[in-house]
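J.: Just the structure for this:
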Amino acid sequence: MLITAPPIRSRVGSLLENDTDYYKEQWGFGTWSVEIKQPQLQISREYTPLPPNAGSPEKLRLYIRKEKGGEMSNYLWGLKEKGKLGLRGPKLGFELKEGITDVVFLAGGTGIAPALQVAYTLLERRKYEMDQSRPKIRILWANREREELHDENHTGISTTSNISHKIQNPVVKIITELQQKHPGCLKVMYLVDEEGTMINQKLISSAMKRDEKTIQRDTNTSMYSKLLFVSGPEGFVNHFAGPKKWQGGGEQQGGVGGILGNMGITGWKVWKL
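T.: Here you go, the predicted model:
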């Protein structure tokens with residue numbers, strides 16, 4: 001489910017008059033999230049906003065998967081249209097610095113949201129002297145069932161034949177739009193557990209390969225920055241990159257373990273989300 005929410009009001013005071021780009025600072029930074037509070041049970045969860053809709057950039061768009069027994073997801077799915085949400089934030093995450101040439105993203109389920117944040121920030125919010133300077137972004141997106149790639153409320157003919165003959169869910173539409181605007185810069189592979197297609201070492205290695213143009217670009221500019229993100233449920237992150245650790249009263253990245261650790265990756269900055 002994709003939900004929209006009005007801007008967090010604490011941001012309004014820092015804007016110029018008639019400026020609707022409420023999250024200009026965040027979209028220029030990197031990954032970021034907001035916190036939603038469930039008023040009855042007094043619990044809260046962090047969610048990663050999706051790239052904004054061009055027609056209403058001031059609104060947040062959140063991708064919510066309904067989980068069995070999930071107190072927050074079931075609460076959000078039960079909200080009526082124009083229902084009220086308690087929001088807090090924004091909270092900044094990983095900063096995308098200048099000079100990035102390559103990004104590989106291993107995303108599980110709703111872990112696609114920060115992947116799209118990174119793609120949107122690097123491709124839409126950054127300026128480049130030449131199109132060849134734009135980073136190459138490859139996303140491996142794993143879902144449990146094929147139906148999760150469809151709009152749960154409609155059927156019809158899809159505009160992307162490799163997805164299926166049903167209308168894409170809103171997240172797939174965002175991916176398609178970014179790919180159309182930035183051909184060659186963003187590649188996404190859809191993998192489905194129930195069909196036996198899963199992220200493995202071979203696919204990761206293939207996504208990390210760099211074409212000759214990218215290598216030449218690094219030689220000419222002396223810039224070399226490659227990022228590999230892992231985002232999704234805790235078990236997904238642990239499997240591919242090893243667990244985070246608690247240190248100094250907070251959660252830290254910890255060493256690179258799991259499949260990526262066994263691969264002995266060098267020259268890439270690995271980050272667990």
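J.: Walk me through the domains of this protein.
T.: The chain breaks down into these domains under automatic domain parsing: 2-93, 96-272.
J.: Could you look over those and pick the most buried one?
T.: Of all the domains of the chain, domain 96-272 has the most neighbours on average by mean count of other Cβ atoms under 10 Å, namely a mean of 16. C-beta coordinates here come from the backbone N, C-alpha and C atoms, glycine included.
J.: and that domain, how far apart are its ends?
T.: With Cα to Cα, to the nearest Å applied, domain 96-272 spans 14 Å between its terminal residues.
J.: about what we covered before: can you put the domains of the chain in JSON lines and add mean pLDDT?
T.: Conversion of the domains of the chain to JSON lines gives the following (pLDDT from 0 to 100):
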{"stretch": "domain 2-93", "mean pLDDT": "78"}
{"stretch": "domain 96-272", "mean pLDDT": "83"}
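J.: can you pull out the strands in this protein?
T.: According to DSSP state E, the chain carries its strands in the segments 2-5, 30-38, 43-47, 60-63, 86-95, 102-108, 136-143, 186-192, 226-231, 245-247, 250-252, 269-272.
J.: Distance to residue 124 added to these, as TSV?
T.: Below are the strands of the chain laid out as TSV (distance: least, Cβ to Cβ, whole Å):
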stretch	distance to residue 124
strand 2-5	19
strand 30-38	13
strand 43-47	20
strand 60-63	14
strand 86-95	17
strand 102-108	14
strand 136-143	12
strand 186-192	11
strand 226-231	17
strand 245-247	34
strand 250-252	30
strand 269-272	21
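J.: Can you give me the first-to-last residue distance of stretch 185-205?
T.: End-to-end for stretch 185-205, by Cα to Cα: 18 Å.
J.: likewise stretch 90-107?
T.: Stretch 90-107 has an end-to-end distance of 22 Å (Cα to Cα).
J.: roughly how far out does that stretch sit from the chain middle?
T.: 10 Å (Cα atoms, centre = their mean, to the nearest Å).
J.: Beta-bridge partners for the closest residue in space to residue 184 that isn't next to it in sequence, please?
T.: Spatially, and ignoring its direct neighbours in sequence, residue 184 is nearest to residue 136 (7.9 Å; Cβ to Cβ, 6 or more residues apart in numbering). Residue 136 has these beta-bridge partners by DSSP bridges: residue 102.
J.: Distance check, residue 136 against residue 64.
T.: 30 Å (Cβ to Cβ, to the nearest Å).
J.: and what of residue 146?
T.: Residue 146 sits 19 Å away from residue 64, going by Cβ to Cβ.
J.: likewise residue 102?
T.: Per Cβ to Cβ, residue 102 is found 30 Å from residue 64.
J.: Run through the residues that contact the residue nearest to residue 86 when sequence neighbours are not counted.
T.: Counting by Cβ to Cβ, 6+ apart, residue 37 is the residue found nearest to residue 86 once chain neighbours are left out, at 3.8 Å. Residue 37 sits next to 43-44, 86-88 when contact means Cβ atoms under 8 Å, 6 or more residues apart in numbering.
J.: What pLDDT is listed against residue 1?
T.: Residue 1 carries a pLDDT value of 67.
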